[in-house]
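**Student:** no sequence on this one, just coordinates:
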């Protein structure tokens, strides 16, 4: 019996995962993500450590750098959890004397439908070999994301439903907040701020200044001087990173503040703060902006100049491709079919305006 070379073993393994061995390998993010999903189908519910070990052990001898392999597997696993392929649940009543632990569960096979006719695949999808060629052959693997482009010959969404995949709404998938106007959001947070107790002395406070140019995020942060009004701010704490807050100022002195996120929330403090600032800029008639330009082939690139909440970035990670940015904070490349819906999303949910130069 002829023994397979290391290269042949590598190629066969990639193909077995449903990937193209001519363009991807086992150590690519796409290959690692497919390995983790395959292991999850057999092992979940299990710990993250168990799943990491299951993905590493079969290919560790083929790796040139085992430490780099472990790092890539761990990072990719976290992305799969954040993306929605795997669900993490903490143990609410740990045994006495032990730390709370968490288990990973395989999310049900599901998809998110796009207006263009495309679909984003989530969860542990049935084996590629059991799916019709019209579906399996069109799946695009980009980093940890799987998506199917629109097809004029058949209804992608209907085909996925007939295969038993669950259709999820965008709101349910991204955990995005409900749509509202920038004025409604500001009214809500200003009301909470008005109910806050006096702040007392708050040293080391820095503010996001709405009068500064929206295209240079770092330059918008200023020290307290003689400002009056409501501001997104950060305040130091004894240990750890500075806290995000929304503060009322009078002649450079903080009157009251609320820490962000406000109350029980699934979002990070920075996510809530950035959306408040987006609303404030829109209210002042100087909204934050994005820039659209031509990309290679049938694609468009959108440049962003300020950070956005994680739920927006998770959406763009799935639909586009992050690319090196030039003259902006970050950029994504989208297909021509998808860019119009994302421009509408940026305008309605983040109150961004398109820059004309």
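**Tutor:** Noted; the coordinates are in hand. Keep in mind that what you see is a predicted model, and the values were worked out from it rather than measured.
**Student:** and for residue 80, the neighbour number?
**Tutor:** 22 (other Cβ atoms under 10 Å). C-beta: built from backbone N, CA, C; applies to glycine.
**Student:** next, the contact list for it, please.
**Tutor:** Contacts for residue 80 (Cβ atoms under 8 Å, 6 or more residues apart in numbering) come out as 33, 36-37, 86, 144.
**Student:** let's see that with 6 Å instead.
**Tutor:** With contact taken as Cβ atoms under 6 Å, 6 or more residues apart in numbering, residue 80 is in contact with 86, 144.
**Student:** give me the secondary structure label for it.
**Tutor:** Using DSSP: H, G, I helix; E, B strand; the rest coil, the structure places residue 80 in helix.
**Student:** same check on residue 203?
**Tutor:** Residue 203 ends up coil, using three-state DSSP.
**Student:** okay, now it: neighbour count?
**Tutor:** If we define neighbours as other Cβ under 10 Å, then residue 203 has 8 of them.
**Student:** swap in residue 44?
**Tutor:** Using other Cβ under 10 Å, residue 44 has 18 neighbouring residues.
**Student:** how much space separates the spatially closest residue to it that is not a sequence neighbour from residue 45?
**Tutor:** Leaving aside its sequence neighbours, residue 44 sits nearest to residue 106 (Cβ to Cβ, 6 or more residues apart in numbering; 4.2 Å). Noted for residue 106: a distance of 8 Å to residue 45, by Cβ to Cβ, to the nearest Å.
**Student:** comparing these two, which shows the higher neighbour count?
**Tutor:** Between residue 106 and residue 45, counting by other Cβ under 10 Å, residue 106 is the more crowded of the two (20 against 14).
**Student:** quick check: bridge partners of that one?
**Tutor:** residue 86 (DSSP bridges).
**Student:** got a list of what it touches?
**Tutor:** With Cβ under 6 Å, 6+ apart, residue 106 has these contacts: 40, 44, 124.
**Student:** switch to 7 Å and redo it
**Tutor:** Residue 106 is in contact with 40-41, 44, 86, 123-124, counting by Cβ atoms under 7 Å, 6 or more residues apart in numbering.
**Student:** how close does it sit to residue 38?
**Tutor:** Residue 106 sits 11 Å away from residue 38, taking Cβ to Cβ as the criterion.
**Student:** any weak-confidence spans in the stretch 101-250 of the chain?
**Tutor:** In the predicted model, the stretch 101-250 of the chain carries pLDDT under 70 at residues 101, 126-130.
**Student:** okay, strands next: where are they in it?
**Tutor:** Secondary structure of the stretch 101-250 of the chain (DSSP state E, counting those that start in this stretch): strands at 102-106, 110-113, 119-122, 140-142, 145-148, 166-168, 206-208, 221-223, 229-235, 243-250.
**Student:** now these as CSV including distance to residue 349?
**Tutor:** As requested, the strands of the stretch 101-250 of the chain are exported to CSV (distance: least, Cβ to Cβ, whole Å):
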stretch, distance to residue 349
strand 102-106, 29
strand 110-113, 15
strand 119-122, 17
strand 140-142, 23
strand 145-148, 20
strand 166-168, 17
strand 206-208, 20
strand 221-223, 24
strand 229-235, 18
strand 243-250, 20
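**Student:** residue 271 is nearest to which of those?
**Tutor:** Across the strands of the stretch 101-250 of the chain, the minimum distance to residue 271, taken as Cβ to Cβ, is reached by strand 243-250, at 9.0 Å.
**Student:** list the contacts for the most centrally placed residue in the chain?
**Tutor:** With distances taken as Cα atoms, centre = their mean, the residue of the chain nearest its centroid is residue 314 (2.1 Å). Neighbour list for residue 314: 82-83, 174 [criterion: Cβ under 7 Å, 6+ apart].
**Student:** and the helices in the stretch 151-300 of the chain?
**Tutor:** 156-162, 170-174, 182-194, 269-283 (DSSP state H, counting those that start in this stretch).
**Student:** for these, which one ends up most surrounded?
**Tutor:** Stretch with highest mean neighbour count among those: helix 269-283 (a mean of 22; mean count of other Cβ atoms under 10 Å).
**Student:** and for that helix, what are the contacting residues?
**Tutor:** For helix 269-283, the external contacting residues (Cβ under 7 Å, 6+ apart) are 182-183, 185-186, 189, 208, 210, 214, 232, 243-244, 246, 260-261, 287-288, 307-310, 350-351.
**Student:** that helix versus helix 182-194: what angle between them?
**Tutor:** Angle of helix 269-283 versus helix 182-194, following axes from the mean of the first three to the mean of the last three Cα atoms, to 10 degrees, is 120 degrees.
**Student:** tell me the angle helix 269-283 makes with strand 243-250.
**Tutor:** Put simply, helix 269-283 runs at 40 degrees to strand 243-250, going by the same axes, to 10 degrees.
**Student:** offset the numbering so it begins at 12, please.
**Tutor:** Understood, numbering begins at 12; the last thing we discussed is helix 280-294.
**Student:** let me see the mean pLDDT of helix 280-294.
**Tutor:** Confidence for helix 280-294, expressed as mean pLDDT, is 95.
**Student:** residue 317 contacts residue 228, doesn't it?
**Tutor:** Yes: distance between residue 317 and residue 228: 4.6 Å, which falls inside the contact criterion (Cβ atoms under 7 Å).
**Student:** looking at the two, which one has more neighbours?
**Tutor:** A direct count of neighbours by other Cβ under 10 Å for residue 317 and residue 228 places residue 317 higher, at 23 against 19.
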